[in-house]
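Visitor: Give the three-dimensional model of this entry:
(chains A, B, C and D)
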Amino acid sequence: MRFFLRRFAFYVFTAWAAITINFFIPRLIPGDPVSALVAGMRGQITSDQIQSLTVLFGLDKHESVWMQYVDYLEQLSHGDLGISFGNFPLPVTSVLASALPWTLLLIGVTTIISFAIGTLLGIVVGWRRGSWLDGLLPVTTFLSSIPYFWLGLIAVSVVTYAGYFLPISGGYDPGLVPSWNLEFIGNAIEHGLLPAITIVVASVGGWLLSMRNMMVTVTAEDYVTVAHAKGLSERRVVMGYAARNALLPSVSGFGMALGLVVGGTFLVEYVFSYPGIGLQMLQAIARHDYPLIQGIFLVVTLAVLAANFLADIAYLALDPRTRKEG
Amino acid sequence: MSMSKPLTMKPSRSIAADAVLDIRGLCVDYGVDDNAVRAVRDVSLTLRRGEVLGLAGESGSGKSTLAYGLARLLPPPGVISAGEVIYSPPDGEPVDVLTLAPLALRAFRWAETSIVFQGAMNSLNPVHKVSTQLIDVIAAHSPGMSRRAMLDRARELLTMVGIAPDRLHAYPHQLSGGMRQRVMIGMALALEPKIVIMDEPTTALDVVMQRQILRQIVELRERFGFSVLFITHDLSLLVEFSDRIAIMYGGRIVEEAPAALLYRDALHPYSHGLLHSFPALRGPRRELAGIPGSPPDLQAMPSGCSFHPRCPRRFDPCAVDIPVLGSPADRVREARTVACWLHPAGGAID
Amino acid sequence: MTTPAAEVVLEAEGLTKHFPVRKRGRAALSREVRVVHAVDDVDLRLLRGQVTSLVGESGSGKSTVARLLAQLYPRTSGDIRLHGEPTPLATARGGRRFRAYCRRVQLIFQDPFASLNPVHNVEYHLTRALRIHGRAGQGKEQLRAALANLLDRVQLTPADRYLSKYPHELSGGQRQRVAIARALAADPEALLADEPVSMLDVSIRLGVLNLLRDLKERLNLAILYITHDIASARYFADTVLVMYAGRMVEGGDSETVTQRPAHPYTRLLVESAPDPDRLTSEAGSLGEAGGAGEAGTAGGVGGAGAPVPGGEPPSLISPPAGCRFHPRCPFVMDKCRTELPPRLQVGDTGEHWAACWLFEGVAA
Amino acid sequence: MTAAATGLTTATPPPDLTGTGGAPRRGRGLRRFLVNGKVTTGLVILLIFAVVAVLGDTIAPYDPSKRSSDILQGPGWKHWFGTTHIGQDIFSQVIVGTRSVMFVGLAAGAVATVVGVVIGVTSGYLSGAAAESLSAISNVFIVIPALPLIIIITNVVPNSGDWTIALVIGCTSWAWGARLLRAQTLSLRRRDFVEAARATGESTWRLIGFEILPNLTAIIASSFIGTVMFAVATEIALAFVGVSGISEWNWGEILFWAQGQQALPQGAWWWFVPAGLCIALFGTALSLVNFGIDEFVNPRLRSNARRSFRAADGRRVRMRVGFTPVVQAPPRGEDNER
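Guide: Sure thing, here's the model as predicted:
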């Protein structure tokens, strides 16, 4: 439990740090593009919305930075992230709400799949070291060096060349209206397939390599030798002794690697015009939609923190030593 | 102590009637190419029923390699390059462990020969409870058993080695070093094997704990009648604890004799030096010298007898020819062998 | 054996070291201060030209004593006096005072495989030690001579063969000799040797011990020999001190302590030590206070059957009250559970003492 | 807390394995590191890229920005990698673009390594609140998703030339290295040789600089390489999404134009394939060097010893953990007296 509390405190701290970074970045912008934009919109914008943007970007230069910070935190606590310039007059939160599920599903599913595949392959390759499987290593190294988005480009062109059998753009057919019916879900899965495959192919190598190295290291441990000496079945030795322990660093690395995975996924969304957070973010950057950029950064950071927390819980369940009392 | 074993000569090449494990001409290499190092060289050794055979040697002498090798547990790049390891069950045909197929080998392991490794710290998997690790071995060898019966058996094993059965569900990190080693000993006896190989089981513990555990091993051996191959660098411990002692140097056995005989009258200068490397706790305080020089490098073994560069009594043949392990001509009546030109074998060993 | 006139080089009185236990989580909120009582109230004296041995099992605090005497850790309380001069409680790390101190008191570590930096060669290690203590001389020639002299002292000759070697190219015994040479580079008066041979191959241990003895005689050094092997303490030391769970329990002339141990813990230690002679001579004469503990030493692992106390050393975070050995002691009395035994004289030589209530009023 | 495995496991060689394994060693070790096949391959590739980066525009056949009448042509003798929609030579773009990629990668790697070493070693060697907070800060930087943050910052900072981008990447990606270095420093600090040097009277800065730092070389090198990989990937991603100021050519720029000008639907694969392959090749080369370092640090990963061989009877025998192979006729001929 102590481990748990400690980690929780750390996440609270990190969340606070992210919020604070978010607070300061716009205040470091030289010149005043935001107030110019706000001024440009004055005609269509309500005074409430102006107020919230003022707080968000520190446009009110008369207040002390500390007061601005307090106001900012208070506004955040209401879930007010301002309005999106690019999607005017939608508030940032509703833009996020429509984009977030797509990304969460895409990243969630692909990350879990690639982690599972990579780890399983890593177990096999690490265990059967010295066999023909070692030949996989250069291939995976190369694969994991390819930028996600470039693989996406290749996937798109291959599909275009080979004939149109998978949709290469968007999250669903433009004709459909998002709803919970089979037709829409099927269509969405079909659209998600190519981006998902791209992400899995590009990220599986990393998991494979790290798991393989851990397997090789753990295989030399005494307790694995003892497991063999005990006459346990090969399966039990691999799964119960070697892989079980080799998994620990992978799980603790899982959370930390998420930050990188998220970055890569954003670009994949961009390549496939997938209607998730990544696409929104890049569009927001192109349109200088500062409130949206900020909101996205905040939400993404918090999501990564949450995922990290889950990984920590998994670690806690896997390693009894962290449960040590006293 | 079972020092009263009949001191009859045993022909060392045919299987002795009371031999439970017969190692013949075992060679172990690390690596297979030109850089391969031979760590165990043509070792023949017999473990008799119910005895404690001590195997003493310094680091790099090949004693652990021998133990891992005969159980075929050497990590790559270890390769067994020659020899036989004949196991004779009390009822049934002798088998060569080295020719067993993986499935048969797995069934043989632990049920017939169990091993207690040097570091109990690392021998237990830190992420599994003691109970899981005990049950694993029972389940692997008696699949029909109910979980309840297995738990009972596990509890019984812990009690046997002097650990409260309520520690069954403890994780290894919750136990002290001594307790972990006891768990390992209990686990080694789970299937009542005929042979227990112990590789420096007490080295990491302090002397008080070492004594307690040794005493326990002796008691358990008297109860169950298994044979022990006890490997250590501490010769003074072996003299007290084992029936016979084999001394290894540079991958070979250089002397083998009943413990008391070896202590009284070590023939090989290395054994002699080793015995005089331990200051005595009793008796007159003597000036001791140890053995000059350092143990040999396996990659650059001296020619002839590998001990000759450090030997105070070397003479002409030592640097040229390798002395063969055999019954010394000057001690024909004693059940011992030595590989030293000072005590050449008395004719061919039959 | 000990000449009372021998000069005291280094002296510790009431030496105590408590390590704070790192508090986490909820424990951090409580005001209770938890410490590990690693060393409590230790007195010892190192005499010129003599070897004092500190014997104890792992975790008894003997290595901490060495590090305290070397001033690598600040002590919690107590005095350390060098030639009668008190040293400040906390010596600034790496400061001038510390250098002046360690010029006279040098430490040799247990593990020669770990105590030499793998990235530096022998020459670097020794040159640094000479430079720091201003003994490198002027110019290359004098430095060469000083290095050769050092290596010669530890019997690593010819010096040129060893100077350019890296630690991994040396055997364990050679490494420990280099470590000894490094300590000698300061030209110290006291040498603290923390289990200097326990990591070495059996056959070369005595070589290193004999070297230390030889150095002691030639350089008139005061040596503290820390070990868990009571037989080697008997072999090497003039005086033996026994430590248990952070406290000294017995001390005296090495022959007396090893042949007629008084404290029940020392007896346990002596009894547990491997002893091939137990096979041949069945005489179980273990000190004059031998009671139930020494009954029947025959058979089994030499002395099986004797009700040797089981159990394990206590937790040092909350050590037992009174005598720290009382939970394992076969002679435990009510007094032992509550009151800390002082040093009580054993026998009539005046040199032999034990911190055990069994000897209350015996010698007086 | 024993948790939070650092990913870098300190390994000890298996018992009684004289002659194999062992700790990283200088001299012989460096040579062994360099003759490692992976390392050599990686270094050769990197060297080629470095030469191209230095020579850059002098060996490029065309001015990469110059338009020509050869519009959207596939690879051929005149234009090895084909041309763009306005007739620019893609081969020249790739060549000239190498410099910016290398520059940003190395500069960001250097910045991150310096910051990482300072913070990691300090927080590892010192103890107390200062060290703890430094470590907490690096953990925060690890968890916060870097790419979005970098995109925001470069978008906000005006005039993002290569220098700015390198600085931003360097300042946001030092944390991983710092964490590894801290863990290693913590363990080194307690090693006997550091204590021994202290007992000899060495000063604190000498302890850090001469006793601890040399032992961190492998990890510093490995984290440098890791950051270079990350920096290159990030720079290219930034260029690809059009964030960085279009000042110079780099591989991401090429992909940006390829994406922007609908290279895909037009089937102009030559527009984006070469740049992507270069990125992958560059990344692979860096990974190979890093593998070499991993194997150097962790002897268990070394694969230089053969793990399968042909026995005397022609069977192929693989060395398998738990089942030591038995070869009755020694595979290397009888020579007991080696």
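Visitor: Show me the shaky parts of chain D.
Guide: D:1-35, D:158-160, D:244-247, D:302-307, D:311-314, D:328-338 (pLDDT under 70).
Visitor: what do you get if the cut-off is 80, keeping everything else the same?
Guide: D:1-37, D:70-72, D:85, D:127-128, D:152, D:154-161, D:242-248, D:262-267, D:296-321, D:328-338 (pLDDT under 80).
Visitor: Indicate the residue of it located nearest to chain B.
Guide: D:Met319 (3.5 Å; Cβ to the nearest Cβ). In short, each C-beta sits where N, CA and C put it, glycine included.
Visitor: hang on, that residue packs against A:Gly130?
Guide: Yes: using Cβ atoms under 8 Å, D:Met319 makes contact with A:Gly130 at a distance of 6.0 Å.
Visitor: Which one's more surrounded, the two?
Guide: A direct count of neighbours by other Cβ atoms under 10 Å in any protein chain shown for D:Met319 and A:Gly130 places D:Met319 higher, at 22 against 18.
Visitor: Distance-wise, check that one relative to D:Thr234.
Guide: 41 Å (Cβ to Cβ, to the nearest Å).
Visitor: With A:Asp289 instead?
Guide: From A:Asp289 to D:Thr234 the distance is 22 Å (Cβ to Cβ).
Visitor: Neighbour count: those two, which is higher?
Guide: Neighbour count, other Cβ under 10 Å: between A:Asp289 and D:Thr234, D:Thr234 has more, with 28 against 24.
Visitor: Flag every buried residue along stretch B:105-115.
Guide: By neighbour count on 16 or more other Cβ atoms under 10 Å in any protein chain shown, the buried set for stretch B:105-115 is B:105-106, B:108-115.
Visitor: and if you look at stretch A:304-323?
Guide: Buried residues in stretch A:304-323 (16+ other Cβ under 10 Å): A:304-305, A:307-309, A:311-312, A:314-316, A:318-322.
Visitor: Which of those residues fall within helices?
Guide: Among the buried residues of stretch A:304-323, the ones falling in helices (DSSP state H) are A:304-305, A:307-309, A:311-312, A:314-316, A:318.
Visitor: just to revisit the earlier point, I'd like to know which of the buried residues of stretch B:105-115 is nearest to chain D.
Guide: Nearest member of these to chain D, counting by Cβ to the nearest Cβ, is B:Leu105, at 6.9 Å.
Visitor: Same list (the buried residues of stretch B:105-115) but as TSV, adding distance to D:Gly161.
Guide: Below are those laid out as TSV (distance: Cβ to Cβ, whole Å):
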residue	distance to D:Gly161
B:Leu105	66
B:Arg106	65
B:Phe108	71
B:Arg109	66
B:Trp110	68
B:Ala111	72
B:Glu112	74
B:Thr113	71
B:Ser114	69
B:Ile115	65
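Visitor: Let's see which of these end up in helices.
Guide: Using DSSP H, the buried residues of stretch B:105-115 in helices are B:105-106, B:108.
Visitor: now, among those, which is nearest to chain A?
Guide: B:Arg106 (4.5 Å).
Visitor: Tell me where the chain has strands.
Guide: I'll assume chain A. Taking DSSP state E as the criterion, chain A carries no strands.
Visitor: To clarify, I was referring to chain D.
Guide: D:308-310, D:316-318.
Visitor: in the stretch 151-300 of chain C, which segments are predicted with low confidence?
Guide: C:275-300.
Visitor: cool, and the stretch 251-350 of chain B?
Guide: B:332, B:345-350.
Visitor: Chain C contacts on that one?
Guide: Among all residues of the stretch 251-350 of chain B, those adjacent to chain C (criterion: Cβ under 8 Å from any Cβ of the partner chain) are B:259-260, B:263, B:273-275, B:277-283, B:285, B:288-295.
Visitor: give me every residue that touches the nearest residue to B:Leu124 once chain neighbours are set aside.
Guide: Distances taken as Cβ to Cβ, 6 or more residues apart in numbering or on different chains place B:Pro172 nearest to B:Leu124, at 4.0 Å, with adjacent residues excluded. Going by Cβ atoms under 8 Å, 6 or more residues apart in numbering or on different chains, B:Pro172 touches B:121, B:124-126, B:130, B:180, B:183.
Visitor: try 7 Å this time
Guide: B:124, B:126, B:130, B:180 (Cβ atoms under 7 Å, 6 or more residues apart in numbering or on different chains).
Visitor: Closest to D:Ile254 out of those residues?
Guide: B:Pro126 (50.8 Å; Cβ to Cβ).
Visitor: Please tell me I have it right and the closest one contacts A:Thr322.
Guide: No: between B:Pro126 and A:Thr322 there is no contact under Cβ atoms under 7 Å: 10.9 Å.
Visitor: Compute the number of surrounding residues for the closest residue to D:Met319 other than its chain neighbours.
Guide: In this structure, D:Met319 finds its nearest non-sequential neighbour in B:Pro76, 3.5 Å apart by Cβ to Cβ, 6+ apart. Other residues lying near B:Pro76 total 24 when counted by other Cβ under 10 Å.
Visitor: Just name the closest of the buried residues of stretch B:105-115 to B:Met301, please.
Guide: B:Ile115 (27.7 Å).
Visitor: partner residues bridging the closest one?
Guide: Applying DSSP bridges to B:Ile115 gives these bridge partners: B:Ile197.
Visitor: Which residues are in contact with it?
Guide: A:229, B:71, B:188, B:197, B:199.
Visitor: do that again at 8 Å, thanks
Guide: With Cβ under 8 Å, 6+ apart, B:Ile115 has these contacts: A:226, A:229, B:67, B:71, B:73, B:188, B:196-199.
Visitor: For it, give me the pLDDT.
Guide: At B:Ile115, the model reports a pLDDT of 92.
Visitor: distance of it from chain C?
Guide: B:Ile115 sits 21 Å away from chain C, going by Cβ to the nearest Cβ, to the nearest Å.
Visitor: same check, this time on A:Ala155
Guide: Distance from A:Ala155 to chain C, by Cβ to the nearest Cβ: 48 Å.
Visitor: I'm done for today, thanks for sticking with me.
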